[in-house]
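Participant: Everything below, folded, please.
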Amino acid sequence: MTDLSEVVARAVVAAADIDAREELGVNDHLALIAASARAEGEIRALLQRSVAAARAGGASWALIGSELGMSRQAAQQRFGALEKPSAVDEDERWISPVTAFDEMAELELAGRAGWHTVEAGMLSHRVVRTDTQWEHRRILWRASVASETEAGWQIGCRAFPWIYLVRDTGIPVGDGHPAIEQGASGGR
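Facilitator: Sure, this is the predicted structure:
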């Protein structure tokens, strides 16, 4: 068993809420099946986010397919479908397309206009508008963001392998919001 398998197995047993004992009953086995199924769903979502992050970081479908032991076409068919953004009102927008190379600059512009990220999708961020300016940070995924929280940051969204932090500056926004309405990223 690999170290990763060991960690996943421990997490599944903990999620099944089974006490340490010699024998398991039918309900215990069913609890393990249910917890394993939830773990599988989480791993699939993690893989999807990893591929999206790799694409945003410049990896080709050929490289991704090679890493996964499949063809470029198979990788693109499995992971390439963009999610359709949900309908949003005038205080919600999608900033798109953005990549790992330009998204922070786009979020900085949006933040000055009162927008902050609440969701990250494939090459996009869903942002919400307020009356104050926002700062954005992107950090590598980790278990604790306590030091950032103490500094006034809050989690805007998680998109593996990144955590996007936002902080309200308290500075009012002027009239109009050109960074989103007329910016190069073109909110949709």
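
Participant: low pLDDT regions in this protein?
Facilitator: Along the chain, segments meeting pLDDT under 70 span 1, 20-21, 81-88, 175-188.

Participant: can you rerun that using 90?
Facilitator: The model of the chain has pLDDT under 90 over residues 1-29, 31-46, 48-58, 76-91, 93-94, 96-101, 120-124, 140-145, 158-162, 174-188.

Participant: Phi first, then psi, for residue 98.
Facilitator: In terms of degrees, to the nearest 10, the main-chain angles of residue 98 are phi -130, psi 150.

Participant: Let's verify the residue nearest to it when sequence neighbours are not counted: helix, strand, or coil?
Facilitator: The spatial neighbour of residue 98 that comes closest, neighbours along the chain excluded (CB to CB, 6 or more residues apart in numbering), is residue 106 at 5.1 Å. Glycine gets a C-beta too; all of them are placed from N, C-alpha and C. Here residue 106 takes the helix state, with states given by DSSP: H, G, I helix; E, B strand; the rest coil.

Participant: list the contacts for residue 63?
Facilitator: Taking CB atoms under 8 Å, 6 or more residues apart in numbering, we find residue 63 in contact with residue 54.

Participant: just checking, residue 158 is part of a helix?
Facilitator: No: Residue 158 is assigned strand when assessed by three-state DSSP, not a helix.
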